[in-house]
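Colleague: I'll drop the sequence and a predicted model, then ask my questions.
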Amino acid sequence: MGQRCRSRSRIVLVPFPAQGHVSPMLHLARLLHARGLDVTVVTPDFIHRRLVAAAGAGGGCRFVSIPSGLDAEGDATPEFAAIELAMENHMPAHLERLLLPPPAPEAAEEEEEEAAVACVVVDLLASWAIPVAKRCGVHVAGFWPAMLATFRIISAIPELIHRGLISEYGSPLNHQAEYSQQEQVVAEESLTLSGQAKLSTKELPWLVGNPATQRSRFIFWLRVLERAKSVQYLLVNSFPDEAGHQREQSSHQHHPRPLPIGPLMLAHRTTNISMWEADRSCLRWLQQHPPGSVVYVSFGSWVAPLSPESIAEIALGLEAAGRPFLWVLKEGDSWRAGLPRGFPGNLPGKIVSWAPQEEVLRSPAVGCYLTHCGWNSTLEAIQYEKRLLCHPVAGDQFVNAAFIVKVWGIGAMLDGAGRSAVEDGIRRAMESDEGEEMQASVERLRRRVMGDGEGSSEAVGNLQCFLDQMKQNMQ
């Protein structure tokens with residue numbers, strides 16, 4: 001019988017299949033590979049082709065596609081409900097076969113043996129993979145691509161129900177019938193996140209879409225919480241002192257131990273991988289404008305199209321502000337139906353369907369960023385020291401906006417999406433003392449969070465803690 005040599009420790013990563021989730025997990029994959037691990041990233045078929053094409057060599061990581069049962073053709077991303085159905089009903093059996101490969105045949109000569117999987121790191125939005133790994137006898141760690149504060153809110157669901165702030169179906173409860181209309185605003189129940197940051201019960205992460213969709217999302221999070229109880233560690237793509245040196249304490253001891261290891265984009269000097277082709281002509285366009293003059297507008301890749309009325313108001317607000325602007329707005333009637341005829345016309349503006357965002361934010365020409373406050377976008381704005389105008393739409397964006405405005409002071413909240421609100425927000429950010437204070441604050445935050453570009457020693461130590469525990473589990 002031939003002898004077989006073991007390869008390096010093997011780790012499998014399971015991201016949730018959306019751009020804002022895949023990017024930070026790929027940064028983690030590269031970081032783990034640099035620490036001596038063999039890394040396999042498992043993705044459903046409908047994003048696999050685009051991901052491999054964008055990732056190139058993959059930084060030494062291996063990409064494996066598993067069937068989802070969904071249409072894998074074209075560039076359209078399936079709706080959340082379809083993805084959830086595929087994750088729960090179609091993909092588990094395929095992951096199980098990957099984690100438990102058949103025994104290798106006997107070999108006559110010495111050859112390298114593929115190591116058993118030491119750990120599966122699962123994005124909690126892909127929690128379907130947790131019970132699969134448990135059935136296969138493989139250790140599991142969780143991954144949270146957003147702020148720790150957002151996970152705290154999800155974890156607090158039982159407490160919110162107990163306190164009577166939300167129903168057992170996740171909808172906000174109104175206890176204000178006895179108040180006048182003016183007093184209702186003052187008496188509105190809210191959650192304290194950190195210091196002055198508060199989140200209204202109307203801004204909870206699962207309150208997306210119509211009531212049926214909100215209830216479905218709430219059930220989704222309850223399932224995530226239940227599965228997360230069996231996970232020992234939660235790797236968080238955030239910096240250890242996100243709350244401004246005010247540590248958050250969790251009373252939910254059954255949840256995993258959070259280990260902030262971010263921002264993960266500092267792990268490598270490469271630009272974030274994008275699954276959509278960017279229009280790089282905007283970089284040449286930016287070079288034609290003086291420093292700090294351009295308003296960059298983007299609402300990310302996972303936000304549903306804004307209403308035509310909102311698009312029209314944003315366009316008219318940009319026109320009224322009179323500053324050069326670069327607007328990322330996907331093509332198609334569902335995204336651009338609200339644009340005024342001929343817009344931007346002779347205005348000093350440019351619209352692209354997708355932009356190389358990090359390179360855009362790196363440009364000295366960009367003076368402020370009108371954003372939905374997605375977490376990756378927020379981190380990139382901090383890295384390149386750009387003040388923010390906040391227009392959160394759904395999910396964790398309200399949490400991020402609360403920290404941007406109230407805790408860190410690096411941005412301002414738009415008062416709606418009306419043209420006057422957009423015009424006023426741009427003037428506040430770019431032409432006022434308040435805007436100068438935002439700039440000074442984002443520069444300070446960047447130094448605190450990212451230091452010399454390597455991240456904090458605490459984040460590095462947290463990652464090492466996880467690796468040490470993983471090695472101990474293998475013994």
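Modeller: Yes, it's here.
Colleague: Wasn't residue 443 part of a helix?
Modeller: Yes: assessed with DSSP: H, G, I helix; E, B strand; the rest coil, residue 443 lies in a helix.
Colleague: Nearest residue to it in space, please, no chain neighbours.
Modeller: Closest residue to residue 443 apart from its sequence neighbours, by C-beta to C-beta, 6 or more residues apart in numbering: residue 385 at 5.2 Å. Just so you know, the C-beta spots here come from the backbone N, C-alpha and C atoms, and that holds for glycine as well.
Colleague: tell me the average confidence for stretch 30-50?
Modeller: Per-residue pLDDT over stretch 30-50 has a mean of 90.
Colleague: scratch that, stretch 403-412
Modeller: Computed over stretch 403-412, the average pLDDT equals 96.
Colleague: what comes up buried for it?
Modeller: Across stretch 403-412, burial judged by 16 or more other C-beta atoms under 10 Å covers 403-405, 407-412.
Colleague: Inside helices: which ones of these?
Modeller: Of these, none are assigned to helices by DSSP state H.
Colleague: Next, count neighbours for the residue nearest to residue 443.
Modeller: By other C-beta atoms under 10 Å, the residues close to residue 385 number 18.
Colleague: which residues does it contact?
Modeller: 439, 442-443, 446 (C-beta atoms under 8 Å, 6 or more residues apart in numbering).
Colleague: could you redo the last one with a cut-off of 7 Å?
Modeller: Residue 385 is in contact with 442-443, 446, counting by C-beta atoms under 7 Å, 6 or more residues apart in numbering.
Colleague: if we can go back for a sec, which of the buried residues of stretch 403-412 lies at the shortest distance from residue 219?
Modeller: residue 403 (27.4 Å; C-beta to C-beta).
Colleague: just checking, the closest one touches residue 197?
Modeller: Yes: with contact defined as C-beta atoms under 7 Å, residue 403 reaches residue 197; the gap is 5.7 Å.
Colleague: circling back to that earlier point, if you rank the contacts of residue 385 by neighbours, which is first?
Modeller: Neighbour max across the contacts of residue 385 (other C-beta under 10 Å) = residue 442, 23 neighbours.
Colleague: Next one: that residue, what pLDDT does it get?
Modeller: Taking residue 442 on its own, its pLDDT is 97.
Colleague: Residue 113 now?
Modeller: In this model, residue 113 carries a pLDDT of 57.
Colleague: With distance to residue 364 added, can I get the buried residues of stretch 403-412 in JSON lines?
Modeller: Below are the buried residues of stretch 403-412 laid out as JSON lines (distance: C-beta to C-beta, whole Å):
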{"residue": "403", "distance to residue 364": "26"}
{"residue": "404", "distance to residue 364": "22"}
{"residue": "405", "distance to residue 364": "25"}
{"residue": "407", "distance to residue 364": "27"}
{"residue": "408", "distance to residue 364": "22"}
{"residue": "409", "distance to residue 364": "22"}
{"residue": "410", "distance to residue 364": "18"}
{"residue": "411", "distance to residue 364": "19"}
{"residue": "412", "distance to residue 364": "21"}
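Colleague: mind pulling up the phi and psi values for the nearest residue to residue 289 once chain neighbours are set aside?
Modeller: With sequence-adjacent residues excluded and distances taken as C-beta to C-beta, 6+ apart, residue 289 is closest to residue 365, at 4.3 Å. In terms of degrees, to the nearest 10, the main-chain angles of residue 365 are phi -70, psi -30.
Colleague: thought residue 365 was touching residue 295?
Modeller: No: look at residue 365 against residue 295 with C-beta under 7 Å: they stay out of range, at 10.3 Å.
Colleague: So which of these two has more stuff around it?
Modeller: For residue 365 versus residue 295, neighbours defined as other C-beta under 10 Å are more numerous around residue 295 (24 against 19).
Colleague: correct me, but the more buried one touches residue 323?
Modeller: Yes: contact criterion C-beta under 7 Å: residue 295 and residue 323 qualify, at 5.4 Å.
Colleague: Now do the shared contacts for the two.
Modeller: residue 426.
Colleague: Who are the contact partners of residue 240?
Modeller: 260, 456, 458-459.
Colleague: Could you do residue 119 as well?
Modeller: 11, 138-139, 141, 470.
Colleague: likewise residue 235?
Modeller: Counting by C-beta under 7 Å, 6+ apart, residue 235 touches 28, 121, 141-143, 259, 261, 466.
Colleague: Can you tell me which of these end up in strands?
Modeller: Using DSSP state E, the members of those that fall within strands are 121, 141-143, 259.
Colleague: Most neighbours out of the contacts of residue 240, which is it?
Modeller: residue 459 leads the contacts of residue 240 on contacts (other C-beta under 10 Å) with 25 neighbours.
Colleague: From residue 159, how far out is the closest residue in space to that residue that isn't next to it in sequence?
Modeller: Of all residues not flanking residue 459 in the chain, residue 261 sits nearest, at 5.0 Å (C-beta to C-beta, 6+ apart). Distance, residue 261 to residue 159, by C-beta to C-beta, to the nearest Å: 27 Å.
Colleague: Compare those two (neighbour count), which wins?
Modeller: residue 261 (27 against 13).
Colleague: Next one, pLDDT for that one please.
Modeller: 95.
Colleague: ok, now the one 10 residues further on?
Modeller: Reading off the per-residue confidence, residue 271 sits at a pLDDT of 54.
Colleague: Next: the one 4 residues further on.
Modeller: pLDDT recorded at residue 275 is 67.
Colleague: so residue 67 makes contact with residue 94?
Modeller: Yes: assessed by C-beta under 7 Å, residue 67 is found in contact with residue 94 at 5.7 Å.
Colleague: For the residue nearest to residue 289, give me its contacts.
Modeller: 286, 289-291, 293-294.
Colleague: From the rest of the structure, what touches stretch 369-380?
Modeller: Outside stretch 369-380, the residues touching it (C-beta under 7 Å, 6+ apart) are 20, 23-24, 145-147, 263, 265, 295-300, 303, 357-358, 361, 381, 386, 388-393, 396-397, 400-401, 404.
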